[in-house]
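> Structure for this input, please:
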Amino acid sequence: MSYLEAAERIAREAGIMIKSKLGTDFVTEEKSSAFDVVTEIDRASEQLIRERLAEVFPDHAFLGEEESFANEELLENRLERAKSEPFIWIVDPIDGTSNYVQGIPGFTVSIALACNGEIMVGVIYDPSRDDMYSAEKGKGATLNGKPIRVSQVETLGQSVVATGFPSKKKTRDAVMTSLQEIGPQCRTIRALGSAAQHLAFVASGKLAAFWEYGLNAWDIAAGVLIIEEAGGTVTDTLGNPYSLTVKHIVGTNGHIHDAMMQTLKPLGI
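Got it, this is the predicted structure:
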């Protein structure tokens, strides 16, 4: 079984489990703030994914969203070490937990494999639509097995773009500031509640761009590769190349990347 096949199979299994628990009486807790919630289903999904990956690749490392880090410094150190891991699976067991809690479609399972800091495999599974977005380094991107490409929109004025609202006040304020700058320039803006889904939508041409502040590798690693393999561009919000420690991200169809950067870069965030 290839790395991509394993990731797809496991993401689908987790997604089916997640969907089966919709509407049940699961436990929901706050994490870092009232804006940041976790459910027992998030933890069950992460445990399932961890166990399935260990069965197939017992020597590979694992980094999941629901791991506990006492502070940001410990998390930063872990992400820095991840850059030198020969094989590490980076997992968000439910991206879009607030959507999930409210019963709103738009929650995903995100699984990426990085080798020495380079993302080699990325899978985003949307169980509500049974959509599997996949990519393998150098082999293109697919949706349900069919090739996908980013949109060909060439101006910000023609573009539908998206952002999200982070759980921490500082980064949420940064999004609000950037909205005031980008909003008047684009056709319209969407906030769908899942960074991974936003990235998948850029890769498949549904959106022309996505930006957000305060994310982590598990939110975006898979989506970064899928966008790049679909012909798009991903950097941080200052224009630097993506790495596993990047938290502020811009992913676009490539054509409007410069326009997005001309707006975001002067904010200095």
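
> Please enumerate the helices of the stretch 1-150 of the chain.
Taking DSSP state H, counting those that start in this stretch as the test, the helices found in the stretch 1-150 of the chain are 3-20, 40-56, 72-82, 97-102.

> Of the ones you listed, give the one that comes closest to Lys170.
The minimum distance between Lys170 and those falls on helix 72-82, with 11.5 Å, by C-beta to C-beta. Backbone N, C-alpha and C define where each C-beta goes, glycine included.

> centre of the chain versus that closest one, how much separation?
Relative to its parent chain, helix 72-82 has a centroid offset of 18 Å by C-alpha atoms, centre = their mean, to the nearest Å.

> before we move on, what about stretch 138-157?
16 Å.

> now do stretch 21-31
That offset, for stretch 21-31, works out to 21 Å (C-alpha atoms, centre = their mean).

> Please apply the same query to stretch 8-19.
With C-alpha atoms, centre = their mean, you get 16 Å for stretch 8-19.

> Residues contacting that stretch, please?
1, 41, 44-45, 48-49, 52-53, 93-94, 100, 107-111, 123-128, 132, 134 (C-beta atoms under 8 Å, 6 or more residues apart in numbering).

> Pull out the buried members of those.
Buried by 16 or more other C-beta atoms under 10 Å: 41, 44-45, 48-49, 52-53, 93-94, 100, 107-111, 123-128, 132, 134, out of the contacts of stretch 8-19.

> Let's have the helices of the stretch 1-150 of the chain in CSV, adding mean pLDDT and distance to Glu65.
Below are the helices of the stretch 1-150 of the chain laid out as CSV (pLDDT from 0 to 100; distance: least, C-beta to C-beta, whole Å):
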stretch, mean pLDDT, distance to Glu65
helix 3-20, 97, 13
helix 40-56, 95, 7
helix 72-82, 89, 11
helix 97-102, 91, 9
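
> which residues does Lys137 contact?
Taking C-beta under 8 Å, 6+ apart, one finds Glu118, Ile119, Met120, Val121, Leu225, Glu229 in contact with Lys137.

> If any of those residues are buried, put those into a PyMOL selection.
Buried residues among those (16+ other C-beta under 10 Å), as a PyMOL selection:
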select buried, resi 119+120+121+225+229
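
> can I get the contacts of Lys137 in CSV with distance to Gly145 and pLDDT?
Listed next are the contacts of Lys137 as CSV, based on distance: C-beta to C-beta, whole Å; pLDDT from 0 to 100:
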residue, distance to Gly145, pLDDT
Glu118, 24, 97
Ile119, 20, 98
Met120, 19, 98
Val121, 15, 98
Leu225, 17, 98
Glu229, 14, 98
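
> between the contacts of Lys137, which is nearest Ala7?
Nearest member of these to Ala7, counting by C-beta to C-beta, is Val121, at 5.5 Å.

> separation between that closest one and Thr188?
Going from Val121 to Thr188 by C-beta to C-beta, to the nearest Å gives 33 Å.

> Give me the neighbour count for Phe201.
By the criterion of other C-beta atoms under 10 Å, Phe201 has 25 neighbours.

> Please save the CA atoms from the strand or helix carrying it in CSV.
In the assignment (DSSP states H and E), Phe201 maps to helix 195-203. Output of helix 195-203 as CSV, limited to C-alpha atoms (Å, rounded to 0.1, in the frame of the first residue of the first chain):
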residue,chain,number,x,y,z
ALA,A,195,-8.9,26.1,6.7
ALA,A,196,-8.3,22.7,5.1
GLN,A,197,-11.5,22.9,3.1
HIS,A,198,-10.7,26.5,2.0
LEU,A,199,-7.3,25.3,0.7
ALA,A,200,-9.0,22.3,-1.1
PHE,A,201,-11.4,24.8,-2.7
VAL,A,202,-8.5,26.9,-4.0
ALA,A,203,-6.9,23.8,-5.4
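
> Which of the residues in that helix are classified as buried?
Within helix 195-203, the residues that qualify as buried by neighbour count (16+ other C-beta under 10 Å) are Ala195, Ala196, Gln197, His198, Leu199, Ala200, Phe201, Val202, Ala203.

> hang on, isn't the second one packed against Ala222?
Yes: the criterion here is C-beta atoms under 8 Å, and Ala196 meets it with Ala222 at 6.5 Å.

> residues bridging contact with those two, i.e. touching both?
Residues touching both Ala196 and Ala222 by C-beta under 8 Å, 6+ apart: Ser110, Ile124.

> Cool, thanks, signing off.
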